[in-house]
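K.L.:
Structure, please.
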Amino acid sequence: MTQSLQTRRLFLFVAAVCLFVLATERPALAYADPGTGSLTWQLLIASFLGLVFYLQRGYDWLKGLIKKRGGKDLSIPTSDQRPHRTLFGRDEPAHRRLAQI
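P.N.:
Model prediction:
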């Protein structure tokens, strides 16, 4: 059986199942108040944004690790040596940030 024939049969099977599910609709004897839907959306958005920031931090760490390869210092910088990412994406050293306070 060729790949395209398998793909077509799978598509027809999924379409038939979807049509069957939609054609045999029954009342859902359940209730979800608006607060539940709002909480669900908040959970999904917060999870997505948290994942984005987590992956960005890992990407930045890996990128920094690759840049430091080649006989350079691989030690972890202390908090006063670490750059601070500002709102517009510029890095600012901690000592300069503290001097502004």
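K.L.:
can you pull out the strands in the protein?
P.N.:
Shown for the chain, the strands assigned by DSSP state E span residues 83-85, 91-93.
K.L.:
average pLDDT across the first one?
P.N.:
The average pLDDT for strand 83-85 rounds to 56.
K.L.:
Ok, stretch 34-44 next?
P.N.:
88.
K.L.:
Could you do stretch 48-66 as well?
P.N.:
Averaged across stretch 48-66, the pLDDT comes to 88.
K.L.:
next one: stretch 13-24
P.N.:
Along stretch 13-24, the predicted local confidence has a mean pLDDT of 89.
K.L.:
Would you indicate which residues of that stretch are buried?
P.N.:
If you call a residue buried by 16 or more other CB atoms under 10 Å, then stretch 13-24 has no buried ones at all. For glycine as for every other residue, the C-beta is placed from the backbone atoms N, C-alpha and C.
K.L.:
Output that stretch as CSV - backbone C-alpha positions only.
P.N.:
What follows is the C-alpha trace of stretch 13-24 in CSV, where atoms were taken according to Å, rounded to 0.1, in the frame of the first residue of the first chain:
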residue,chain,number,x,y,z
PHE,A,13,-11.5,7.5,8.8
VAL,A,14,-10.9,10.7,10.9
ALA,A,15,-13.5,12.6,8.9
ALA,A,16,-16.0,9.8,9.4
VAL,A,17,-15.4,9.7,13.2
CYS,A,18,-15.8,13.5,13.4
LEU,A,19,-19.0,13.3,11.4
PHE,A,20,-20.4,10.5,13.6
VAL,A,21,-19.6,12.5,16.8
LEU,A,22,-21.2,15.6,15.4
ALA,A,23,-24.3,13.7,14.1
THR,A,24,-25.0,11.9,17.4
